[in-house]
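*Asks:* Pasting a predicted model and its sequence here:
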Amino acid sequence: MPFKQLGLSTDILRAISDQGYVNPTPIQKQAIPIIIEGQDVMGGAQTGTGKTAGFTLPMLQRLERHANTSMSPAKHPIRALILVPTRELALQVYESVKIYSKYLPLRSTVIYGGVNIDTQIDILRSGVEILVATPGRLLDHLQQKNLVLSKVEILILDEADRMLDMGFLPDIKQITQSLPDHRQNLMFSATFSEEIRKLANKILKQPVVIEVAKQNSVSELITHIVHPVESARKQELLIWLITQQNLKQVLVFTRTKQGADRLTQQLARQGISTAAIHGDRNQLQRTQALESFKQGSIQVLVATEVAARGLDIEELTHVINFELPNNPEDYVHRIGRTGRAGAKGYAISLVSQEESHLLIDIEKLLKTKIRIEEIKAFEQKSTAQPISGKETIPAKKPRNNTPPQNKRPNNYIKQNGSASRFNKEETFRNVRHPKSAEDPLFTQPYVSTAKIDIATRQADISGKAESINASRSSSKPVPALFSPRVMNKQK
Ligand code: AMP
């Protein structure tokens, strides 16, 4: 189904075409017509699914009637408010808004903390229709009366789960009190926790629930690998991996800010161009680090969880977990930075014995075992305990000198061979690379739970025409708490 069947204006379609997008992604197909109709939406979607355009495009369509070139600030009240958890995501969403609205006389800006407030005040006073904001800084502006939200028609909460994780709930509640009661609400979240449901019940009115990816699912295009290693040798192994595989662009996750800084210094001492991105870096440092990384002038970006959430880095092939996250869901978010928009990716984790319980939790969440590859030069001492409580990495294992199919060196892998899950005769050569997706952009990454999504994909694959109405009349089961209206309504 092409974009032009979704009800978007020519100016918006032109901007989409400039981006080179050919077909809408599953979430775009479902969300765009519903949002254009003015319904509230609860979207279950992770970054990488095209959700930003999924809400931005129909938002622009709804605001198009207000587009004007008047110089008067009064003619440009805030009509749409997009709340996001982090500054990086704010900048990314703002970039998308600018790109998709480039042929429309609608003004937009972005506000976030950690930077001078005065410049933001000047822009706000000149009038903007679309405001992308982090909750804390928005509240500062509200309290200083630098803006009014009484004309807001659309409220969008992006990455709502992360906003709650970051403690923004009181801020969100306070902000919504400044909004008119009559408005459209859109909420996007990668997970549906109890807190998210409560927030959805408070904010959304009879929302249509759209879910394109199964909760906590990960792209099938990502190959997961665990390298067992002693904690003390992780840094050495990381450097070895980067240099041996000649990795040009790697996003490395550490658990703490201090750990990120330490690792950055250690890598830099080895001549690897590296920058850190975490909460203690000021905005300028974070933006510069991200930009240099995106442009390729920095080889390694060391990040903590929060800072990297929502980052969209084109064609990022490698995410390395220097340490596993405490929360298994964070593993899903971390590795979601790769394997995006149809591209293949590697999620590599350096796992010490102390972290084996974290690995088990991640595997439980993913409902799959992650392949373990011990690297000969970094093999653990024979006295070592097994990496997982249940499974044993043998002290002596047959060596695999078979030339691997990718760039890794011949002696790269120590075969895992014992009466354990490491004995699946999984040689590196046997790593299954998923077949290229039928829909080259987005088909494979999604694990849809909804009948509608499967139907949509099948229609796409077989090239059959598909009507939005037919999709919308699906009897897709949705969480009862959201009491959806439209998805169950037969048209
Ligand atoms: P998001 O999930 O919003 O972070 O988007 C992930 C990436 O997909 C971004 O780089 C978008 O530019 C890209 N994208 C969004 N929609 C489409 C589309 N219909 N076709 C191709 N790429 C897209």
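*Replies:* Received, thanks.

*Asks:* Low-confidence ranges, the protein, go.
*Replies:* The model of the chain has pLDDT under 70 over residues 213-220, 306-312, 314-315, 339-343, 380-491.

*Asks:* Okay, domains of it per the record?
*Replies:* 3-211, 222-399 (automatic domain parsing).

*Asks:* Distance from the last one to the middle of the chain?
*Replies:* Yep, that's domain 222-399 we're talking about. Distance of domain 222-399 from the chain centroid (C-alpha atoms, centre = their mean, to the nearest Å) equals 17 Å.

*Asks:* For the domains of the chain, give me a markdown table that also has mean neighbour count and distance to the ligand.
*Replies:* From N, CA and C alone the C-beta is placed, and that goes for glycine too. Listed next are the domains of the chain as a markdown table, based on neighbours: other C-beta atoms under 10 Å; distance: least, C-beta to the nearest ligand atom, whole Å:
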| stretch | mean neighbour count | distance to the ligand |
| --- | --- | --- |
| domain 3-211 | 19 | 3 |
| domain 222-399 | 19 | 4 |
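
*Asks:* Contact partners for residue 345?
*Replies:* If you count contacts by C-beta atoms under 8 Å, 6 or more residues apart in numbering, residue 345 has them with 219, 221-223, 316-319, 335, 338-339.

*Asks:* How about residue 251?
*Replies:* Contact analysis of residue 251 by C-beta under 8 Å, 6+ apart lists 293, 300-301, 303, 308, 311, 313, 316, 318-320, 337-338.

*Asks:* hmm, 7 Å instead?
*Replies:* Contacts for residue 251 (C-beta atoms under 7 Å, 6 or more residues apart in numbering) come out as 301, 303, 308, 316, 319, 337.

*Asks:* which of the residues you listed sit farthest apart?
*Replies:* Using C-beta to C-beta, those reach their maximum pairwise distance at 303 and 316, which is 11.7 Å.

*Asks:* returning to what we had before: out of the contacts of residue 251, list just those in strands.
*Replies:* In this view, those that belong to strands under DSSP state E are 301, 303, 319.

*Asks:* Take these and write them to CSV, including distance to residue 281.
*Replies:* CSV is the format used below for these (distance: C-beta to C-beta, whole Å):
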residue, distance to residue 281
301, 11
303, 10
319, 19
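
*Asks:* Looking at those, which is nearest residue 25?
*Replies:* Using C-beta to C-beta, those come closest to residue 25 at residue 319, 21.3 Å.

*Asks:* could you pull out the strands for the stretch 251-400 of the chain?
*Replies:* For the stretch 251-400 of the chain, the strands defined by DSSP state E, counting those that start in this stretch cover 274-277, 300-303, 318-321, 345-351, 371-372, 374-375.

*Asks:* What strands line up against the last one, and which way round?
*Replies:* Its sheet considered, strand 374-375 pairs with strand 413-414 (antiparallel) by DSSP bridges.

*Asks:* And the first one, by the same measure?
*Replies:* Strand 274-277 has the following sheet partners, assigned by DSSP bridges: strand 300-303 (parallel).

*Asks:* what comes into contact with the partner strand?
*Replies:* Outside of strand 300-303, the residues within contact range by C-beta under 7 Å, 6+ apart are 242, 250-254, 260, 263-264, 267, 272, 274-278, 289, 293.

*Asks:* do stretch 64-76 as well
*Replies:* Against stretch 64-76 from outside (C-beta under 7 Å, 6+ apart): 9, 79, 104-107, 125-129.

*Asks:* Please repeat the previous calculation with a cut-off of 8 Å.
*Replies:* For stretch 64-76, contacts defined as C-beta under 8 Å, 6+ apart pick out 9, 11-12, 79, 104-107, 125-129.
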